[in-house]
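Engineer: Could you look at this predicted model? Sequence included:
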Amino acid sequence: MAKLYTNNSIEKFNDLQPKEETVNFLLNYSKALSVINCKKMKFEALLN
Amino acid sequence: MNMQHEIIPDAALVSRYIKGEEYALEILINRHKQKIYSFIYSKVYDRDVTEDIFQDTFIKVIRTLKRGAYNEEGKFLPWVMRISHNLVIDYFRKNSRMPKFDNSGEFSIFSVLSDSSLNAEKKIIKEQVENDVKRLVEELPEDQKEVLLMRIYEDMSFKEISDKTGVSINTALGRMRYALINLRKIIDKHNIVLTN
């Protein structure tokens, strides 16, 4: 059987993580976002 | 703390989050961030773009959950993966191109692609060099200059030069040799730089 001399790039991808700022941004975004229900309509409000 | 997080299933965390328990989202993100981030990176091969798509994915997740538009039919992770997959497609569609080369690695695509045409500066230098060479040739003795011009500029063979000038081939070769030697001498003497 032929040998494959390529790196297993999939293995490398598994170590990757998003930056802490990105995660923090998302958590803050989530806290700031509130959806207001008004009859049949939905409004999004970002409150900081 | 971590042990406790592992016990709570995704579905329970999602419903807690919908009820307003913000910490549930943090657990969900931390639990799946590596898988989702790696998945996006495996498609776009760019850390910055991956970061953007990862962020957009969760913005969509957060908005959908907060609006109460999430249906618990499927599992949480496959749903998030589908969102990120769609955003990756959007990214490529918007850029209307195939996955690009990562130019930060050892291999640079520009090392094999080059623009062979001269830029403005090099054109000017080339003209200057050519003018210098013309002036140098003018300094040569007439017989040597004649042979050199025929050989180099008119691309004649030494046989043709010999026929035209009425000297033997050997004489023509000798004159060419001395023409080149003399040119080198003048160049050395005046420290002329003839490189582009």
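Structural biologist: Yep, it's here. Numbers count the residues shown, from 1 in each chain, chains lettered A, B, ... in the order given.

Engineer: Now do the strands in chain A.
Structural biologist: In chain A, the segments counted as strands under DSSP state E are A:33-38, A:41-46.

Engineer: what's the most buried one of those strands?
Structural biologist: strand A:33-38 (a mean of 12; mean count of other CB atoms under 10 Å in any protein chain shown). C-beta coordinates here come from the backbone N, C-alpha and C atoms, glycine included.

Engineer: Point out the other helices and strands that that strand packs with.
Structural biologist: Judged by 3 or more CB pairs under 8 Å, 6 or more residues apart in numbering or on different chains; DSSP states H and E, strand A:33-38 is in contact with strand A:41-46, helix B:47-66.

Engineer: For it, C-alpha coordinates in CSV please.
Structural biologist: Provided in CSV are the C-alpha atoms of strand A:33-38 (Å, rounded to 0.1, in the frame of the first residue of the first chain):
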residue,chain,number,x,y,z
LEU,A,33,-30.4,41.9,23.9
SER,A,34,-34.0,41.8,24.9
VAL,A,35,-36.9,40.9,22.7
ILE,A,36,-40.1,42.8,23.3
ASN,A,37,-43.3,41.1,22.3
CYS,A,38,-45.9,43.4,21.2
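
Engineer: For chain A, list the residues in contact with chain B, please.
Structural biologist: A:9-10, A:13-19, A:22-23, A:25-27, A:29-31, A:33-35, A:42, A:44 (CB under 8 Å from any CB of the partner chain).

Engineer: Return the backbone torsion pair for B:Pro9.
Structural biologist: Backbone torsions of B:Pro9, given as degrees, to the nearest 10, read phi -70, psi 160.

Engineer: Could you do A:Lys40 as well?
Structural biologist: The phi/psi pair for A:Lys40 (degrees, to the nearest 10) is phi -90, psi 0.

Engineer: Show the model's pLDDT score for it.
Structural biologist: The model reports A:Lys40 with a pLDDT of 72.

Engineer: OK, contacts around B:Val167?
Structural biologist: Shown in contact with B:Val167 (CB atoms under 8 Å, 6 or more residues apart in numbering or on different chains): B:Arg175.

Engineer: Tell me the secondary structure at it.
Structural biologist: Here B:Val167 is coil, with the state taken from DSSP: H, G, I helix; E, B strand; the rest coil.

Engineer: quick one: it and B:Lys75, what's the gap?
Structural biologist: 94 Å (CB to CB, to the nearest Å).

Engineer: still on that earlier bit, of the residues of chain A next to chain B, grab the buried ones for PyMOL.
Structural biologist: Here is the PyMOL command that selects the buried residues among the residues of chain A next to chain B (16 or more other CB atoms under 10 Å in any protein chain shown):
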select buried, chain A and resi 13+16+18+22+23+26+27+29+30+33
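
Engineer: got the buried residues for the host helix or strand of B:Thr171?
Structural biologist: In the assignment (DSSP states H and E), B:Thr171 maps to helix B:169-190. For helix B:169-190, the neighbour count (16+ other CB under 10 Å) marks B:171-173, B:175-176, B:178-179, B:182-183 as buried.
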